[in-house]
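1. Could you look at this predicted model? Sequence included:
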Amino acid sequence: MRGDSERMRLFSRRAVLLGGAQTALFSLLAGRLYYLQIIGGAKYRTLAEENRINLRLIAPPRGQITDRAGAALALNQQNYRVVLLPEQVENLDVLLDKLGNYVTIELADRKRIARDFKASGNLNAVLVKDNLDWEQVAGISLHTLDLPGADIDMGEVRYYPYGAATGHLLGYVGTVSEGEVDDDSGDKILIIPGFRIGKSGIEKQYDLLLRGESGNEQLEVNARGRVVRELARNDPKPGKDIPLTVDIGLQQVIVKRLAAQPGAAVAVLDVRTGAIYAMVSQPGFDPNLFTYGISQEDWDRLNTDEHLPLLDKVTAGVYAPGSTFKPITALAALEADIVDPDARVFCPGYYELGDYKFHCWKHGGHGSVNMREAIAGSCDTYFYDLGRKTGIDRIQAMAKRFGMGSKTGIDLPHEHAGLVPGRAWKFATEGKSWQQGETLIASIGQGYMLTTPLQLAVAVARIANGGKKIVPHLLKPSGSEREDWPNLDLDSDHLSFVQDAMTAVVNEQIGTAYSARIIDEKGVMSMAGKTGTAQVKHISESEREEGLASMEDTPWKERDHALFMGFGPVENPRYAVAVVVEHGGSGAHTAAPIARDILIECQKKKLA
């Protein structure tokens with residue numbers, strides 16, 4: 001009995017201890033549960049919800065670019081690509097090694113993928129390679145179980161159906177660089193891996209409109225971060241289509257016409273509205289090369305070509321205007337009322353200033369000429385004399401009124417301002433005083449004077465339209481084109497005089513471009529203009545005495561540039577054109593026939 005009683009007490013004591021321990025443990029659990037549910041409940045519910053739902057950005061379709069009639073110049077094409085889903089990737093390097101069996105992944109690609117992978121925050125797919133062919137798509141799809149985290153996706157890629165014919169005009173798109181993301185004002189769309197933005201041309205100028213707005217989708221993911229289902233979706237807003245004033249048919253005609261020229265530039269615009277009908281820089285480049293990331297071989301080829309295919313020569317190429325500048329000098333002299341346009345100057349083939357001879361392009365001279373004849377025959381001697389009387393200040397001021405020496409304001413990036421020199425400019429840049437001989441050279445568009453082909457087109461348009469300050473533009477307005485441009489406050493009689501003299505350049509036998517005139521039996525089509533031949537190499541007196549080599553015997557880079565600016569039709573001007581042929585020799589023989597063919601095409605098409 002005594003033993004049973006002892007065992008009972010021992011059992012009871014142990015039961016109490018065990019019960020106490022259980023009670024304490026239960027209390028601890030209850031307290032912890034109370035803390036998690038009551039005190040920290042809101043916090044942990046938020047964390048759980050954030051872990052359960054991911055927000056993934058969706059790239060919008062890029063807007064199209066069209067010509068004035070609605071023809072697509074830049075559009076989107078579907079393409080297959082392989083992407084990574086970060087939440088499913090366990091080892092990035094191992095996965096990329098496996099994918100390398102199906103697509104080529106260069107070292108640069110791996111660095112970009114690793115950077116994008118880190119930046120994605122498990123929210124966005126990371127582009128590995130696009131433009132996959134069917135064999136690559138099939139190979140990856142067949143082995144998806146061995147490639148956890150890799151997926152085949154269908155995206156959109158930019159395509160330029162006219163290739164090099166529109167390369168400089170449209171520009172191209174490329175992936176967003178780190179600097180561009182940092183410089184952007186918080187636009188989340190730029191962090192979408194593989195997203196492309198405009199890098200040059202119209203693509204860059206109107207990028208914000210073309211790119212659209214990103215959408216998003218809310219995804220439920222499990223504990224391992226894998227997508228379970230889509231909870232909500234906000235579709236992206238497509239980019240806006242950009243209609244241009246350009247006529248792609250005319251653009252192609254010009255490209256074909258310039259095919260034989262190693263380097264050239266052409267601008268065509270409406271003299272009343274400033275609408276650009278065509279802009280061609282030769283040689284061009286195919287913007288499709290940049291769509292998937294240009295190869296090093298193609299990049300090196302484009303950058304080492306001496307004819308500079310990546311330079312838009314229409315807006316950023318600068319050339320001495322040569323004799324195309326003479327109408328500006330004439331207008332400056334007429335406005336200053338320092339010369340009678342009927343007064344005659346004798347040209348023996350040169351003009352003497354002190355001990356120095358300034359030569360006329362015509363070796364034997366033009367004889368006695370007045371202003372109209374001097375413009376028509378492009379007499380340098382007459383304009384040396386006219387420039388000396390007028391002075392550089394007046395010449396500079398008139399040139400600037402016609403848009404030279406400053407950007408035209410065209411809606412394109414990277415436009416060059418050119419240069420109209422003067423006293424203040426020379427002293428500021430060289431610390432030297434302006435010399436009278438430099439005025440003579442400037443009066444015929446040589447020396448320091450530099451213009452772009454677009455500036456020449458704008459200048460001749462302002463002459464043709466009666467002195468209206470049109471501004472060139474490429475964006476086609478939703479309504480009618482503007483024609484009520486500010487007036488340059490020029491005497492209408494002076495403008496009519498210069499227009500008549502430019503008509504003589506082309507349509508009278510004394511004119512330098514007579515052989516390039518439009519012969520139209522019906523008398524509907526016509527043109528006026530001014531030729532120019534700009535030296536690129538100084539010719540010494542001894543070289544002149546020994547005799548100048550023919551253009552064919554002169555190295556290409558030492559040949560003169562050939563220029564022409566003109567308008568048509570004569571009676572009711574509508575179209576202005578500027579042509580620059582690099583090292584093309586004579587403006588009359590090389591550039592003027594090109595301008596004639598372009599103006600014929602414009603008048604046939606009746607663009608407006």
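-> Perfect, I can see it now.
2. What are the neighbouring residues in contact with Gln436?
-> 353, 388 (C-beta atoms under 8 Å, 6 or more residues apart in numbering). Yep, even glycine has a C-beta here, placed from its N, CA and C like the rest.
3. what about the longest strand in the chain?
-> Secondary structure of the chain per DSSP state E: the longest strand is strand 72-84.
4. Tell me the spacing between Gly194 and Asp153.
-> 10 Å (C-beta to C-beta, to the nearest Å).
5. do Cys360 as well
-> 68 Å.
6. circling back: who touches both of Gly194 and Asp153?
-> 81, 83.
7. Show me the helices in the stretch 251-400 of the chain, by range?
-> For the stretch 251-400 of the chain, applying DSSP state H, counting those that start in this stretch gives helices covering 296-304, 326-336, 371-377, 380-390, 392-401.
8. Report the buried residues of the shortest one.
-> By that I understand helix 371-377. By neighbour count with 16 or more other C-beta atoms under 10 Å, helix 371-377 contains the buried residues 371-377.
9. Extract the residue ranges of the chain that are flagged as low pLDDT.
-> For the chain, the stretches flagged by pLDDT under 70 are 1-22, 24, 30-54, 120-123, 181-187, 193, 221-228, 537-553.
10. Now do the contacts for the nearest residue to Lys313 once chain neighbours are set aside.
-> Distances taken as C-beta to C-beta, 6 or more residues apart in numbering put Ala265 closest to Lys313, at 3.8 Å, once the chain neighbours are dropped. By C-beta under 8 Å, 6+ apart, Ala265 lies in contact with 280-282, 313-314, 317, 453, 578-580.
11. Closest one of these to Ala424?
-> For those, the residue nearest Ala424 by C-beta to C-beta is Gly317; the value is 25.8 Å.
12. which residues of the stretch 301-450 of the chain fall in strands?
-> Along the stretch 301-450 of the chain, counting by DSSP state E, counting those that start in this stretch, strands occupy 345-347, 350-353, 356-359, 367-369.
13. picking up where we left off before, nearest to Asn79, out of the helices of the stretch 251-400 of the chain?
-> helix 296-304 (19.1 Å).
14. Show residues contacting that closest one.
-> 285, 289, 309-310.
15. same question, stretch 400-408
-> By C-beta under 8 Å, 6+ apart, the list of residues contacting stretch 400-408 reads 321, 328, 396, 399, 415-420, 451-452, 454-455, 458-459, 462-463, 471-472, 488, 490.
16. at 7 Å instead, please
-> 328, 399, 415, 417-420, 451, 454-455, 458-459, 462, 471-472, 488 (C-beta atoms under 7 Å, 6 or more residues apart in numbering).
17. all helices of the stretch 501-608 of the chain, in order?
-> So, for the stretch 501-608 of the chain - with DSSP H, counting those that start in this stretch - the helices run 541-546, 592-605.
18. how about those, which one is nearest Leu99?
-> helix 592-605 (51.4 Å).
19. Against which helices or strands is the closest one packed?
-> Judged by 3 or more C-beta pairs under 7 Å, 6 or more residues apart in numbering; DSSP states H and E, helix 592-605 is in contact with helix 248-257, strand 264-270, strand 528-534, strand 561-568, strand 575-581.
20. Can you give me the buried ones in the first one?
-> Spelled out, it's helix 248-257. Those would be 248-251, 253-255, 257, for helix 248-257 by 16+ other C-beta under 10 Å.
21. Now these in TSV, please, with extra columns for distance to Ala74.
-> Below are those laid out as TSV (distance: C-beta to C-beta, whole Å):
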residue	distance to Ala74
Ile248	11
Gly249	17
Leu250	18
Gln251	13
Val253	20
Ile254	19
Val255	17
Arg257	23
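22. wait, which of these is closest to Gly100?
-> Val255 (40.9 Å).
23. Could you double-check that that closest one lies in contact with Gly163?
-> No. Judged on C-beta atoms under 7 Å, Val255 makes no contact with Gly163 at a distance of 9.8 Å.
24. contacting residues for the residue most central in space within the chain?
-> Closest residue to the average C-alpha location of the chain: Gly201 at 1.9 Å, with C-alpha atoms, centre = their mean. By C-beta under 7 Å, 6+ apart, the residues touching Gly201 are 168-171, 412.
25. The longest strand of the chain to helix 248-257, inter-axis angle?
-> 90 degrees (axes from the mean of the first three to the mean of the last three C-alpha atoms, to 10 degrees).
26. and strand 72-84, C-alpha only, in CSV?
-> What follows is strand 72-84, C-alpha atoms only, in CSV (Å, rounded to 0.1, in the frame of the first residue of the first chain):
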residue,chain,number,x,y,z
ALA,A,72,3.8,53.7,-94.3
LEU,A,73,7.4,54.7,-94.0
ALA,A,74,8.1,53.1,-90.5
LEU,A,75,5.9,50.4,-89.2
ASN,A,76,6.0,47.4,-86.8
GLN,A,77,6.5,43.8,-87.6
GLN,A,78,5.9,40.8,-85.3
ASN,A,79,8.9,38.8,-84.5
TYR,A,80,9.8,35.8,-82.2
ARG,A,81,12.2,36.3,-79.3
VAL,A,82,13.4,34.4,-76.4
VAL,A,83,13.0,36.0,-73.0
LEU,A,84,13.8,35.2,-69.4
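27. Which strands or helices does it pack on?
-> Strand 72-84 packs on strand 65-66, strand 126-130, strand 150-159, going by 3+ C-beta pairs under 7 Å, 6+ apart.
28. Buried residues, it. List them.
-> For strand 72-84, by 16+ other C-beta under 10 Å, it's 72-76, 79-84.
29. Counting neighbours, what do you get for the nearest residue to Val246 once chain neighbours are set aside?
-> Closest residue to Val246 apart from its sequence neighbours, by C-beta to C-beta, 6+ apart: Asp67 at 5.1 Å. By the measure other C-beta atoms under 10 Å, the count of residues near Asp67 is 22.
30. gap between the two ends of stretch 114-133?
-> End-to-end distance for stretch 114-133: 24 Å, by C-alpha to C-alpha, to the nearest Å.
31. can you list contacts of it?
-> By C-beta under 7 Å, 6+ apart, stretch 114-133 touches 54-57, 79-87, 92, 99, 103, 105, 113, 153, 155, 157, 191-194, 225, 292.
32. which among those residues end up buried?
-> Applying 16+ other C-beta under 10 Å to those flags 54, 56-57, 79-87, 92, 99, 103, 105, 113, 153, 155, 157, 191-194, 292 as buried.
33. Take the helices and strands packed on helix 592-605 and write them to a markdown table, including distance to His143.
-> A markdown table is the format used below for the helices and strands packed on helix 592-605 (distance: least, C-beta to C-beta, whole Å):
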| stretch | distance to His143 |
| --- | --- |
| helix 248-257 | 45 |
| strand 264-270 | 52 |
| strand 528-534 | 64 |
| strand 561-568 | 60 |
| strand 575-581 | 57 |
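34. Mind checking those for the one nearest to Thr390?
-> strand 528-534 (17.7 Å).
35. What residues sit buried inside the closest one?
-> Neighbour-count burial for strand 528-534, with 16+ other C-beta under 10 Å as criterion, is recorded at 528-534.
36. Contacts for that strand next, please.
-> Applying C-beta under 7 Å, 6+ apart, the external contacts of strand 528-534 come out as 319-324, 326-327, 361, 378, 445-446, 499, 502-503, 505-506, 512-513, 560-567, 570, 586-588, 592, 595.
37. that older thread, could you double-check that the residue nearest to Val246 lies in contact with Asp247?
-> Yes. Using C-beta under 7 Å, Asp67 is in contact with Asp247, at 6.1 Å.
38. Tell me the spacing between Leu445 and Pro309.
-> Rather than Leu, residue 445 is Gly. Counting by C-beta to C-beta - Gly445 and Pro309 are separated by 27 Å.
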